[in-house]
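J.: whatever this is, show me its structure:
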Amino acid sequence: MNRSNKSRPPKGQNRQKGRPQKDAPRPPRGGGASGAGGNRYWLTGVHSVAAALANPERRCGRLIATAQAAETVAAAAARRGIAIEEGSRDDIDRLAGPDSVHQGLALEVLPLEPPALSDLPDPVAGKPLLVLDQVTDPRNVGAILRSAAVFGAAAVVVQDRHAPPETAALAKTASGALESVPFVRVGNLARALEEMKQLGYWVVGLAGEAEETLSALPQDRPIALILGAEGDGMRRLTREACDGIVRIAMAPNAVGSLNVSNAAAVALYAATTQRD
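T.: This next block holds a predicted model:
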């Protein structure tokens, strides 16, 4: 994974305003701005780009920036030996999509190589694993990764076939968390849960009809928290593999429910609140 990152020489420096730009930034090879699977994609925004440049495991390509935004990542890009190509906000809109809040920065990257469960540090109480059972919305997964980074989760685990690939939308919502939170992809979730138990995790699922609440979570042992897909919740086999089931305590007259990313943040807080 620790490969040298060779960037292309700068091209397409901005001309004076009103003059055509013959060498405007080109889309990444092997995929459009959204990216998918093993394809390159454009990572945008100050937090995401800075975190990627600081991660030696992240393979980076071209870095496009407006003159003002270039100052925010100049030192990090220099340490990686990546030349900054100056472009306009319109140039970056064409690369990342007109709806992208890119803050004048776009970095061409390859998805990170997913770690295995066996690659993670030894289980520690107060640093839970977060397991997603067929949560497929990339923005929800990105938001969950961000919460996992805030609360110091050990990793986020998903089933490969029923989870979004690493894309621009997921990475943007994660706001740099992909660089610090291991994003583990497993082939068979039931087997992975058994492996977690062997590693020493107490596996607990979240379900609205559970009798016990999050306050029942043990604080003296490592926990693997499972959240199911919105609407369907955990699948039957996943539920049967749990050591326990808990729910989030709601107000008596509460209307509706939390979406999965908000539920993940609440559950992570409950699992780590006594860590200090």
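
J.: am I right that Val181 is in contact with Val156?
T.: Yes: in this structure, Val181 is within contact of Val156 by C-beta atoms under 8 Å, at 5.9 Å. For every residue, glycine as well, the C-beta is placed using N, CA and C.

J.: and these two? Which one has more around it.
T.: Ranked by neighbour count (other C-beta atoms under 10 Å), Val181 and Val156 place Val156 first, with 26 against 22.

J.: so what's Pro164 closest to, chain neighbours aside?
T.: Nearest non-adjacent residue to Pro164, counting by C-beta to C-beta, 6 or more residues apart in numbering: Pro138, 4.0 Å away.

J.: for the one you found, what are its contacts?
T.: Pro164, Thr167, Ala169, Leu170, Thr173 (C-beta atoms under 8 Å, 6 or more residues apart in numbering).

J.: would you reformat those as a markdown table and include secondary structure?
T.: Shown next, in a markdown table, are these (DSSP: H, G, I helix; E, B strand; the rest coil):
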| residue | secondary structure |
| --- | --- |
| Pro164 | coil |
| Thr167 | coil |
| Ala169 | helix |
| Leu170 | helix |
| Thr173 | helix |
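
J.: what is the nearest of those to Gln198?
T.: Pro164 (27.9 Å; C-beta to C-beta).

J.: residue contacts, Asn188?
T.: Gln159.

J.: use 15 as the first number from now on
T.: That works, and once the first residue is 15, the last one we named lands at Asn202.

J.: what comes up buried for the helix or strand of the chain with the lowest mean pLDDT?
T.: When the helices and strands of the chain are scored by mean pLDDT, DSSP states H and E, helix 103-110 comes last with a mean of 86. Within helix 103-110, the residues that qualify as buried are Asp105, Ile106, Asp107, Arg108, Leu109, Ala110, counting by 16 or more other C-beta atoms under 10 Å.

J.: now swap in stretch 233-253 and tell me
T.: 236-244, 247-249, 252.

J.: assign Gly219 to helix, strand or coil.
T.: strand.

J.: so who does it touch?
T.: Leu239, Ile240, Leu241, Gly242, Met248, Thr252, Arg253, Cys256, Gly258, Ile259, Val260.

J.: which of those fall within helices?
T.: Thr252, Arg253 (DSSP state H).

J.: got TSV for the contacts of Gly219, with distance to Pro70 too?
T.: Putting these into TSV (distance: C-beta to C-beta, whole Å) gives the following:
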residue	distance to Pro70
Leu239	29
Ile240	31
Leu241	31
Gly242	35
Met248	36
Thr252	35
Arg253	39
Cys256	37
Gly258	39
Ile259	40
Val260	38
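
J.: ok, of the contacts of Gly219, which one's closest to Ala221?
T.: Closest to Ala221, out of all of the contacts of Gly219 and judged by C-beta to C-beta, is Ile259, at 5.2 Å.

J.: so what's the closest one closest to, chain neighbours aside?
T.: Per C-beta to C-beta, 6+ apart, closest to Ile259 is Ala224, 4.3 Å.

J.: can you give me the distance of the one you found to Ser189?
T.: To Ser189, Ala224 is 31 Å away according to C-beta to C-beta, to the nearest Å.

J.: now do the end-to-end distance for stretch 138-147.
T.: Start-to-end span of stretch 138-147 (C-alpha to C-alpha, to the nearest Å) is 22 Å.

J.: mind listing what's buried along it?
T.: Ala139, Gly140, Lys141, Pro142, Leu143, Leu144, Val145, Leu146, Asp147.

J.: same question, stretch 149-156
T.: Buried, per 16+ other C-beta under 10 Å, within stretch 149-156: Val149, Asp151, Pro152, Asn154, Val155, Gly156.

J.: between these, which is closest to Val87?
T.: Out of those, the member with the shortest distance to Val87 (by C-beta to C-beta) is Gly156, at 20.7 Å.

J.: what ranges do the helices span in the stretch 165-290 of the chain?
T.: Secondary structure of the stretch 165-290 of the chain (DSSP state H, counting those that start in this stretch): helices at 182-188, 203-213, 250-254, 274-286.

J.: winner for burial among those?
T.: helix 182-188 (a mean of 25; mean count of other C-beta atoms under 10 Å).

J.: great, nothing more from me.
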